[in-house]
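*Asks:* the following block contains a protein sequence and its predicted model.
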Amino acid sequence: MKEAVLKKFGEIFGSTEGVSVYFAPGRVNMIGEHTDYNGGHVFPCALTIGTYAAVRKREDDKLRFYSMNFEKLGVIESSIVGLKPEKEAEWTNYPKGVMWAFEKRGFKMPCGLDIVLNGNIPNGSGLSSSASLEVLTGYFLRDLFGFDVTNIDLAQIGQYSENNFNGMNCGIMDQFASAMGKKDNAIFLDTADLSYEYAPLVLAGAKIIVTNSNVKHELVNSEYNVRRSECETALKELQTVIDINGLGDLSEEEFEQHKSAIKDDVRIRRAKHAVYENQRTILAVEALKKNDLELFGKLMNASHVSLRDDYQVSCDEIDVLVEEAWKVPGVIGSRITGGGFGGCTVSIVKDDAVEDFKAKVGAAYKERVGKNADFYVVEIGDGPSKI
Ligand code: GLA
């Protein structure tokens, strides 16, 4: 990947002199879905796949971008002056958003850049290609211009840019997982105060498998923002009867006791998911620490049911993948992962059942949905780096 992106840089921008190459990973979330904007816990890990950039400073204010993933778009030009989101700017709105967010924090770029990107996260798979691009941009800006920010700042700057420049009200999970990833570990993050702990995730006798449905429904961003505001309304209603900062502050019992303050059935289900999913995540990490993989798997399955029925962010294709996975002997747990409405599932599968899992789930998906699913054995990698 490094060689390819460097070679392309030379082809597009004339030479590779003075070019630096950087990487930032994508992520997969094991459990704790749609809890990160509710002050709850999440448990993601960084992947070894992600986004690569070859970058060189310019002597003027120009920005020139080229992506090997969108070659047809060619070189997209803009300037570091007057950064604003523009439809014609396509994917470059992500790095530009990060530059804009840095400027808001008082870090002004002294010059423009030539940038070539190359990513190996499958498009639209829900494995956070946009967060990896945001963290990557923050990382190379820090390296090239000496901006004094931590990796946690990089995650927050990425989230801020996505919320305020790109109009997606995402939580902090994806950017945090990319910026703070650690090889062979998942990150147990409390989004209420950003305290976190690494938990080793090399499973004895089992593999983590990501299955890509190869579908992405268009409503993903719009419905995401709707879920978020439903949760915010439910929180306000609950705050009239109990002193909490987020849905993640509630135990299941407290929620059941006070839920009648929420004046709408749909909102009760959304809030219920946020509360129960947070508690499931805490339990799941405890189970993992005790090597109780069976319990971890059961909690993953319960997470899926809740996301499907109460939070309603699954879709038929993903439900087929999960249902078929549950039928295969040796599957410890399986659920949708990420924002929803397509993308991927994550499953824990015993070593000797992996081939059977791929064959059976793949064949059933083809038969019931008419599409091919792709399977990847997860390798958990580190956060961003200069390579
Ligand atoms: C998307 C968002 C995250 C998180 C997940 C759902 O990936 O970017 O912040 O909310 O959905 O858990």
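*Replies:* It's in. Numbering: from 1, shown residues only.
*Asks:* can we go C-alpha only for contacts and neighbour counts from here?
*Replies:* Fine.
*Asks:* quick check: buried residues in the top helix by length along the chain?
*Replies:* Using DSSP state H to assign secondary structure, the helix with the most residues in the chain is helix 265-289. With burial defined by 16 or more other CA atoms under 10 Å, the residues of helix 265-289 counted as buried are 267-282, 284-285, 287-288.
*Asks:* near the ligand, which residues of the stretch 51-200 of the chain show up?
*Replies:* Taking CA under 6 Å from any ligand atom as the criterion, the neighbours of the ligand within the stretch 51-200 of the chain are 170-174.
*Asks:* take those and keep only those in strands.
*Replies:* Applying DSSP state E to those, no entry is found in strands.
*Asks:* contacting residues for R280?
*Replies:* Contacts were defined as CA atoms under 8 Å, 6 or more residues apart in numbering; by that measure R280 touches 32, 299, 303.
*Asks:* for G74, same thing?
*Replies:* G74 sits next to 66-67 when contact means CA under 8 Å, 6+ apart.
*Asks:* returning to what we had before: highest neighbour count among the residues of the stretch 51-200 of the chain next to the ligand?
*Replies:* Among those, M173 has the most neighbours (other CA atoms under 10 Å), with 33 neighbours.
*Asks:* and the residue of the stretch 101-250 of the chain nearest the ligand?
*Replies:* With distances taken as CA to the nearest ligand atom, the stretch 101-250 of the chain approaches the ligand most closely at G171, which sits 3.4 Å away.
*Asks:* what stretches of the chain score poorly on pLDDT?
*Replies:* Applying pLDDT under 70 to the chain flags residues 219-220.
*Asks:* again, 80 this time
*Replies:* Along the chain, the parts satisfying pLDDT under 80 run over 123, 218-221.
*Asks:* can you show me the strands along it?
*Replies:* With DSSP E, the ranges of strands along the chain come out as 20-29, 41-42, 44-57, 62-67, 76-79, 113-119, 185-190, 195-200, 206-216, 331-337, 342-350, 374-377, 385-386.
*Asks:* and those strands, which is most packed in?
*Replies:* The highest mean neighbour count among the strands of the chain belongs to strand 41-42 (a mean of 30), with neighbours defined as mean count of other CA atoms under 10 Å.
*Asks:* name every strand pairing with that strand and say which way it goes.
*Replies:* According to DSSP bridges, the neighbouring strands of strand 41-42, each with its direction, are strand 185-190 (antiparallel).
*Asks:* how far does the strand it pairs with sit from the chain's center?
*Replies:* Centroid separation between strand 185-190 and its chain, computed with CA atoms, centre = their mean, to the nearest Å, is 13 Å.
*Asks:* what's the angle between that strand and helix 265-289?
*Replies:* 130 degrees (axes from the mean of the first three to the mean of the last three CA atoms, to 10 degrees).
*Asks:* relative orientation of strand 185-190 and strand 44-57 in degrees?
*Replies:* Angular relation of strand 185-190 and strand 44-57 on a 0 to 180 degree scale: 100 degrees, by the same axes, to 10 degrees.
*Asks:* beta partners for R56?
*Replies:* D114.
*Asks:* what's the distance between it and the ligand?
*Replies:* Taking CA to the nearest ligand atom, to the nearest Å as the criterion, R56 is separated from the ligand by 29 Å.
*Asks:* mind listing what that residue touches?
*Replies:* 18-20, 113-115.
*Asks:* look up phi and psi at the residue of the stretch 201-350 of the chain found nearest the ligand.
*Replies:* Among all residues of the stretch 201-350 of the chain, G339 sits closest to the ligand, at 3.2 Å; criterion: CA to the nearest ligand atom. Backbone torsions of G339, given as degrees, to the nearest 10, read phi -70, psi -30.
*Asks:* related to what we said a few turns ago, tabulate the contacts of R56 (a markdown table), appending distance to V28.
*Replies:* What follows is these, written out as a markdown table (distance: CA to CA, whole Å):
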| residue | distance to V28 |
| --- | --- |
| G18 | 34 |
| V19 | 30 |
| S20 | 27 |
| L113 | 30 |
| D114 | 30 |
| I115 | 26 |
